[in-house]
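Novice: Curious how this folds, go ahead:
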Amino acid sequence: MCSETAISAARACLVQSGDNMALRGLSCCARFVLHHHGRAVFRGAVQSGCFKGRGGAKRHLLSEDVVKLQDFQQRKLAVAHQVSGSKSHYFDTLNQKMERNELILKDELKLLLHLCHTPEDMVTARNAIYRYHEENRNVAFGDFRFGPLFMRLCYELGLEDMAVSTLTDRTLKGFFSDGTSFNIAIDMLFTKECYEGALEVVGDMKSQGVPFNKDTFTLAFATCYKLNTPKSYHICLALMEEGQTKGILIPRHAYCCAVALALKQNDTERAQSIYSQIMSIDSRLCQNLRVLMLVKTGSIKDAVEALTTALLSKSSVFVRKPEFSQEVVDVLRERTSDGPWELQVEQVVRRLQQAGQVTAQSLDDLLCQTPSGKRRPLGILEEGRKRGHSRRTMRPLLSTLLSE
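Specialist: Numbers count the residues shown, from 1 in each chain. Presented below is the predicted three-dimensional model:
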């Protein structure tokens, strides 16, 4: 997928103009990726490293509540503890079933996915998924979704190539019918700084008709912001317009990414328009974007007033006072250098620094900060492990773990 041919074709797809054309270009990229993602393409992909980023970025945009990697790892440990017999024996048995072209049962696939610990295990799991989907493509899977499970495994083992090649394979259409699977894959690519690949997955998600949720919009807009090209800007605006037309609630974080991208593209009028749609602007990120917008539009007086108001805030000592990025402060200083506002700006900035209200975090750091999420107690699994059965269903714990 990251071959020069694929990237060149993807870029060619994104050379059209206009918002609607941008969306069609995004779908065009998705179709191209799908065409080049047959099962044979994946051979050796575990070692290919074609999705490795430029610096190994460690930031991601999905909270643990969405990725649920820790919960999944805890569940894997509990399942491994409950399974009788060796893991290798189970894998051998399943491989033999696939060689004999026998049916793969739902519970067998569930257990297999919970027992994967290595890239080699994942190759077997992927083959089992193809076999299972081939037998059940016209059958509803019920409430259980295999997609997020497979994506969490790829996330855990760092297998972005496998995640994307499997997710975008046409022969598996319908298997990954949930937004969570796509969101986790996009987040993986974003973490590795493979932004073009992440945008292609967004396009594939759209072409498959998988509904976008709030996390998708945040990931898509952040990816467009990172690419910072006229084309990614058009795609961002087109996705925003489409979401608003459909009545989808676009989250504040996504809007902030769109505002930052508009400012990078020197479209201050659109940046102000997008900013005006944010329902609550009391966050640190919103306040920094507002000051930056005011500076870029030449409203220095309003920018200085915003900083002064933050400085004179009489909030409780237990409430965190507004903080401003050194980057934003430097832009203000640069714009007022040798001008009538220089002295007043320096005075306000000095007071903010003395009050500890200037942070070294850049605007990019604030935009790409991993959101925190509510965590559930982890003692439930330990308690269940001692009991050996589920208190809720009175079924054996292994059966309960695999059904949740």
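Novice: So which residues of the stretch 151-300 of the chain form helices?
Specialist: Shown for the stretch 151-300 of the chain, the helices assigned by DSSP state H, counting those that start in this stretch span residues 160-167, 179-191, 195-207, 214-227, 230-245, 252-264, 268-275, 284-296, 300-311.
Novice: Which strands and helices lie in contact with the longest one?
Specialist: The helices and strands touching helix 230-245, judged by 3 or more Cβ pairs under 8 Å, 6 or more residues apart in numbering; DSSP states H and E, are helix 19-35, helix 195-207, helix 214-227, helix 252-264. Heads up, the C-betas are built off the backbone N, CA and C, glycines and all.
Novice: helix/strand/coil for the residue located most distally from the centre of the chain?
Specialist: Within the chain, residue 340 marks the point farthest from the mean C-alpha position, 44.4 Å out by Cα atoms, centre = their mean. Per DSSP: H, G, I helix; E, B strand; the rest coil, the secondary structure class of residue 340 is coil.
Novice: relative to helix 160-167, how tilted is the helix or strand where residue 120 lies?
Specialist: Residue 120 belongs to helix 119-136 when assigned by DSSP states H and E. Angle, helix 119-136 to helix 160-167, by axes from the mean of the first three to the mean of the last three Cα atoms, to 10 degrees: 0 degrees.
Novice: can I get the CA coordinates of helix 119-136 in CSV?
Specialist: The C-alpha trace of helix 119-136 is given here as CSV (Å, rounded to 0.1, in the frame of the first residue of the first chain):
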residue,chain,number,x,y,z
PRO,A,119,3.0,-11.9,14.5
GLU,A,120,3.1,-15.6,13.5
ASP,A,121,-0.1,-16.2,15.6
MET,A,122,-1.7,-13.3,13.8
VAL,A,123,-1.1,-14.9,10.4
THR,A,124,-3.0,-17.9,11.5
ALA,A,125,-5.8,-15.7,12.9
ARG,A,126,-6.0,-13.8,9.7
ASN,A,127,-6.3,-17.0,7.7
ALA,A,128,-9.0,-18.2,10.1
ILE,A,129,-10.9,-14.9,9.6
TYR,A,130,-10.9,-15.3,5.8
ARG,A,131,-12.1,-18.9,6.2
TYR,A,132,-14.8,-17.9,8.7
HIS,A,133,-16.0,-14.9,6.6
GLU,A,134,-16.2,-17.1,3.5
GLU,A,135,-18.5,-19.4,5.3
ASN,A,136,-20.6,-16.8,7.0
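Novice: which outside residues touch that helix?
Specialist: Under the contact criterion Cβ atoms under 8 Å, 6 or more residues apart in numbering, helix 119-136 has outside partners 39, 42, 46, 91, 94-95, 98, 103-104, 106, 108-109, 112-113, 115-116, 146, 150, 153-154, 157, 159, 162, 166, 171-172, 174-175.
Novice: again, but for stretch 313-333
Specialist: Counting by Cβ under 8 Å, 6+ apart, 284, 287-288, 291-292, 295-296, 300, 303, 307, 310, 345-346, 349, 352, 355-363, 365-366 sit against stretch 313-333.
Novice: how about a cut-off of 7 Å?
Specialist: Residues from elsewhere that reach stretch 313-333, judged by Cβ atoms under 7 Å, 6 or more residues apart in numbering: 284, 287-288, 291-292, 295, 303, 307, 310, 345, 349, 352, 357-363, 366.
Novice: got any ranges where the stretch 101-250 of the chain has weak pLDDT?
Specialist: Applying pLDDT under 70 to the stretch 101-250 of the chain flags the ranges 138-143.
Novice: could the helices of the stretch 151-300 of the chain be laid out in a markdown table, adding mean neighbour count?
Specialist: Converted to a markdown table, those look like this (neighbours: other Cβ atoms under 10 Å):
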| stretch | mean neighbour count |
| --- | --- |
| helix 160-167 | 26 |
| helix 179-191 | 26 |
| helix 195-207 | 25 |
| helix 214-227 | 25 |
| helix 230-245 | 20 |
| helix 252-264 | 24 |
| helix 268-275 | 18 |
| helix 284-296 | 22 |
| helix 300-311 | 18 |
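Novice: Can you redo those helices as TSV, where the extra columns are distance to residue 332?
Specialist: Output for these, formatted as TSV (distance: least, Cβ to Cβ, whole Å):
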stretch	distance to residue 332
helix 160-167	39
helix 179-191	30
helix 195-207	29
helix 214-227	21
helix 230-245	24
helix 252-264	14
helix 268-275	15
helix 284-296	5
helix 300-311	6
